[in-house]
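> Sequence and predicted structure are below.
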Amino acid sequence: MSVHQARPADALHGQQLVADGRRECARVARNGARTFYVAFCLLPPRRRHAIHAVYAFSRVADDIADDPALPAAEKHRRLGELRDGLGAVYSAAPHTPRQAALADAVRVFDIPRPLLETLVDGVAMDVEPRRHADLAALRAYCHAVAGVVGQMCIRIFGAAGPEADALAGELGFALQLTNILRDLAEDAADGRFYLPQDELAAHRLDEAAVLAAVPGDAPATRFLALQAERAAQAFQAAGALLPLVPRGSRPCLAGIALLYRTLLDRLRERDCVPCQARLRLDTRTKLAVAGRAVVGGAVIGRL
């Protein structure tokens, strides 16, 4: 077979691999991104496929780090393998459907490889029990596991530039800090406590006191209220990101921010005290927030 005969077949195979990958990544997002999936649905198809591919990649990394059956060394090995697999993604020679879907996303939306590498490195921080000495350390962690995801998302949305990157990083901080407040009890069971140790000491608290907090005015709830207010301020600051994003992508961005801000509001209603059952938004609430996101994002242009 000549080269000229082979090329159409190769192209057809590549297109099929991308199509298979998009279906697989959409399934992962539908099953895994329980809060964000409604917002993803507000994107046009090409951008939606891309955000599914980024989500599916991050989901694999998270699942490796969180797998209780794997020893730490094996987690690091698998995360290293995932990081190395980016070589195939960026060489335009993907081996698997998921790699093909991600390769299509990074090519079309010009997503730099270091953002995905930083994400894997950030998730690897979670393999061993984790503590943050101060707010700067907490922010560095949140940037690695969430800020860079925000920076990938805004490229998919159609925005770029230093200001958009900075605001996407701030939104990532708000989302991740909300996650941390929601999952305090669950993370503690895995040996993780993410909130700043110096602020804990300044409130004359230890981790056990925070994990045993009950609603009401007490040092532990005041400490948690400080963290929640910090997340709320980050959400407010990130609101300036919306006008930088093309109109067609604004409902998705608004949806992501509003869904998690609603989650933060629910946590604050119970003073952010740790709870064994993970707080989730019900379907009716998600759909109502999506409606607000369409109006606030596309029509009004603000969150």
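Cool, got the structure. In this text, all values refer to a predicted model and were calculated from it rather than measured experimentally. Numbers count the residues shown, from 1 in each chain.

> Run a quick neighbour tally on Phe94.
One correction, residue 94 is Pro, not Phe. Other residues lying near Pro94 total 21 when counted by other C-beta atoms under 10 Å. From N, CA and C alone the C-beta is placed, and that goes for glycine too.

> which residues of the protein fall in strands?
With strands called from DSSP state E, the chain shows none.

> So which helix or strand of it has the lowest pLDDT on average?
The weakest-scoring helix or strand in the chain, judged by mean pLDDT, DSSP states H and E, is helix 3-32 (a mean of 80).

> which regions of this protein lie under the pLDDT threshold?
Screening the chain residue by residue with the criterion pLDDT under 70, one finds the ranges 1-12, 296-303.

> rerun at 50
1-6 (pLDDT under 50).

> what sits against the residue positioned nearest the centre of it?
For the chain, the residue nearest the mean C-alpha position is Ala146 (4.8 Å; C-alpha atoms, centre = their mean). The neighbourhood of Ala146, defined by C-beta atoms under 8 Å, 6 or more residues apart in numbering, consists of Gly172, Phe173, Leu175, Gln176, Asn179.

> which residues touch the last one?
Contacts here follow C-beta under 8 Å, 6+ apart; on that basis Asn179 touches Ala146.

> Tell me the spacing between Leu241 and Phe235.
According to C-beta to C-beta, to the nearest Å, Leu241 and Phe235 sit 11 Å apart.

> higher neighbour count, these two?
For Leu241 and Phe235, the more surrounded residue by other C-beta under 10 Å is Leu241, and the numbers stand at 26 against 21.

> Test my guess that that one contacts Ile154.
Yes - taking C-beta atoms under 8 Å as the definition, Leu241 is a contact partner of Ile154 at 7.2 Å.

> Overlap in contacts, these two.
Any residue near both Leu241 and Ile154 by C-beta under 8 Å, 6+ apart counts here, and that gives Ala164, Ala168, Leu253.

> Pick the one among the residues you listed closest to Leu42.
Nearest to Leu42, judged by C-beta to C-beta, of these is Leu253 at 8.9 Å.

> if I pick that closest one, what's in contact with it?
Leu253 makes contact with Ala39, Cys153, Ile154, Phe157, Leu241, Leu242, Val245, Gly297 under the criterion C-beta under 8 Å, 6+ apart.

> List only buried entries from the residues you listed.
Judged by neighbour count, with 16 or more other C-beta atoms under 10 Å as the criterion, the buried members of those are Ala39, Cys153, Ile154, Phe157, Leu241, Leu242, Val245, Gly297.

> Helices of the stretch 151-300 of the chain, start to end?
Listed in chain order, the helices of the stretch 151-300 of the chain (DSSP state H, counting those that start in this stretch) span 162-182, 184-189, 197-202, 207-211, 219-238, 250-269, 283-293.

> could you say what helices and strands the fifth one packs with?
Other helices and strands packing on helix 219-238, by 3 or more C-beta pairs under 8 Å, 6 or more residues apart in numbering; DSSP states H and E, are helix 162-182, helix 197-202, helix 207-211, helix 250-269.

> give me that answer again for 6 Å
The contact analysis (3 or more C-beta pairs under 6 Å, 6 or more residues apart in numbering; DSSP states H and E) places helix 219-238 against helix 162-182, helix 250-269.

> Distance check, the closest residue in space to Val89 that isn't next to it in sequence against Leu116.
Computed as C-beta to C-beta, 6 or more residues apart in numbering, the closest residue to Val89 that is not its neighbour in sequence is Ala103, at 4.7 Å. Using C-beta to C-beta, we find Ala103 at a distance of 11 Å from Leu116.
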